[in-house]
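Visitor: curious how this folds, go ahead:
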Amino acid sequence: MRWERMVCAPRREFDMGISPRVGAFFLAAWFAGALPAAASPLTLEVVDADVTALLTSIARLSGLDLILDDSVKGRISLSLKDVEPEEALMLISRAKGLAVQHEGKVLLVRAAKEAAPFYRMHVLPVHHADLDTAFAAVKLSLGEAGISAIDENKKNGKEDISEQGLYRTGERLLIDRATNALLFYGTEEEKARAEAVLHSLDVPTEQVSLEARVVALEKNAAKELGVDWDWSPLPIDPHGTSKSGAEGSRRGIDGEVPGVIRFGRTPEGKPYEFYYRAKIAALITDGKANVLARPNITTLQGREAVINIGGSVPVPETQTTNSTVTTSITYKKAGIILRYTPRIHENGEITARVHTEVSSPVYVDALKAYKFQERSADTTVRLKDGETMVIGGLIGSEESRVFAKVPLLGDIPILGTFFKSVRRTKTDSEIMIFLTAHILRDTSPPAEGTAESERKGKDVWQ
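Guide: Sure thing, here's the model as predicted:
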């Protein structure tokens, strides 16, 4: 006589020695009497049990009807812990080369080679990854069959099937932008394959906080900061030839414009980090420096962050039509545009591509209009977390006029000019941009009293 050891319980375990026929009966009876219809996860351990009896008992436990094909036979030993009844049924069937098909609430179990693939709609939520990137990855996991179906629908123009952001990219794959999910029509095996791809792809993306400070300094005050202008950024030429980080590219309306955009960095180390901030604060107090802007922006790694500092300048445009002259005013943006695209490395360093554009309006008396001097530069840099990059070479010039006159006498026609004076002053300054990037590994607010909260609470730029 053969003896079996069967243990089955959602929260408790039992050991009992029973014969094969009686074992199946007690197993089914125990399931039916001890558990409610909506069964909780179970722990199941059987040794050399009859597959037919085991599947029948689990089907009763799950509240589903069961149809077994004649090909369902054999014996099995297994040990499962905290699994749903339906999942246990699927695992046992797969281990014995069987397939489970759903027909409503009825489970049809038969040999896998005889069972047609069972397709159903699956929702695959995407939490962190780019939805289009996730779709492309799942598309590859489908294999040639899925790809051919997708391409065929694209040829037939069957792409947009909804105005609510649901796009049809194939008979078996849908993108639902409203819920940020992929709707997939396929088998359980294909679903498991797609979920494995998403599991490796759909991870939180690190963020970079970019702190920018635009400072105007007197012509000689910039030398006191000790910026390393000889520092050479990474090559940006696609063939590996290094372009000078001190020059980049230059263009202007009348050819080259004086004043070259330069890239540098502050010396490494926290002591100097505090020093240069304190030094600029002292220059501001002495009237030798002025903070023009202090924007902050946060971006995901690999995504471009754009900082636009400036304003709009009125530009008159004259048109002549049938001897009629009409003048209209358009506005052109002038100022500084920064484009910053970071990439975070495992060692905590940040490689960033930096593009700088500077547009300066210059009023031309003869034209009675503004012309724009434009400069641009590109560079690729690698800095440590919290290290500061400096962009210089942006020369600014400010001209002011001060009128003075003797009261009453200065208002006398003709003779009044002898009692008036005009003083013109021209001040040259260098505009420097300080860029400091911080990796945001934890998006939750810093706890009070931590170094991060103290750094945010005290700013020498204010």
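Visitor: make sure Ile92 is indeed in a strand.
Guide: No. Under DSSP: H, G, I helix; E, B strand; the rest coil, Ile92 sits outside any strand and is assigned helix.
Visitor: which secondary structure elements does the helix or strand harbouring Val315 contact?
Guide: For Val315, the element it lies in under DSSP states H and E is strand 305-321. On a contact count with 3 or more Cβ pairs under 8 Å, 6 or more residues apart in numbering; DSSP states H and E, strand 305-321 meets strand 207-218, strand 296-300, strand 324-344, strand 369-384. Just so you know, the C-beta spots here come from the backbone N, C-alpha and C atoms, and that holds for glycine as well.
Visitor: name the helix or strand for Met432, please.
Guide: strand 420-440.
Visitor: buried residues in that strand?
Guide: Using 16 or more other Cβ atoms under 10 Å as the burial criterion, the residues of strand 420-440 that qualify are 429-440.
Visitor: what's the angle from it to strand 305-321?
Guide: Calculated by axes from the mean of the first three to the mean of the last three Cα atoms, to 10 degrees, strand 420-440 forms an angle of 140 degrees with strand 305-321.
Visitor: do me a favour and average the pLDDT over strand 420-440.
Guide: Strand 420-440 shows a mean pLDDT of 78 in the predicted model.
Visitor: helices or strands up against that strand?
Guide: If you count contacts as 3+ Cβ pairs under 8 Å, 6+ apart, strand 420-440 packs onto strand 207-218, strand 324-344, strand 349-364, strand 388-405.
Visitor: please pull out the lowest mean pLDDT helix or strand from this protein.
Guide: strand 249-250 (a mean of 33; mean pLDDT, DSSP states H and E).
Visitor: what does the strand holding Val315 rub up against?
Guide: Contact with strand 305-321 is made by 208, 210, 212, 214, 292-293, 295, 297-299, 325-342, 359, 361, 368-370, 372, as judged by Cβ atoms under 8 Å, 6 or more residues apart in numbering.
Visitor: list only buried entries from these.
Guide: 208, 210, 212, 214, 292, 299, 334-338, 340-342, 359, 361, 370.
Visitor: show me what contacts Val354?
Guide: With Cβ under 8 Å, 6+ apart, Val354 has these contacts: 263, 338-340, 378-381, 389, 391, 435.
Visitor: distance of it relative to Ser57?
Guide: According to Cβ to Cβ, to the nearest Å, Val354 stands 67 Å off from Ser57.
Visitor: ditto for Ala192
Guide: 25 Å.
Visitor: check Lys191 too.
Guide: 27 Å.
Visitor: ok, these two, which is more surrounded?
Guide: Higher neighbour count among Lys191 and Ser57: Ser57, with 26 against 16, using other Cβ atoms under 10 Å.
Visitor: name the element His199 belongs to?
Guide: Using DSSP H and E, His199 falls in helix 188-201.
Visitor: next: Leu44.
Guide: strand 42-50.
Visitor: what is that strand packed up against?
Guide: Against strand 42-50 (3+ Cβ pairs under 8 Å, 6+ apart) you get strand 4-9, helix 20-34, strand 75-83, helix 85-95.
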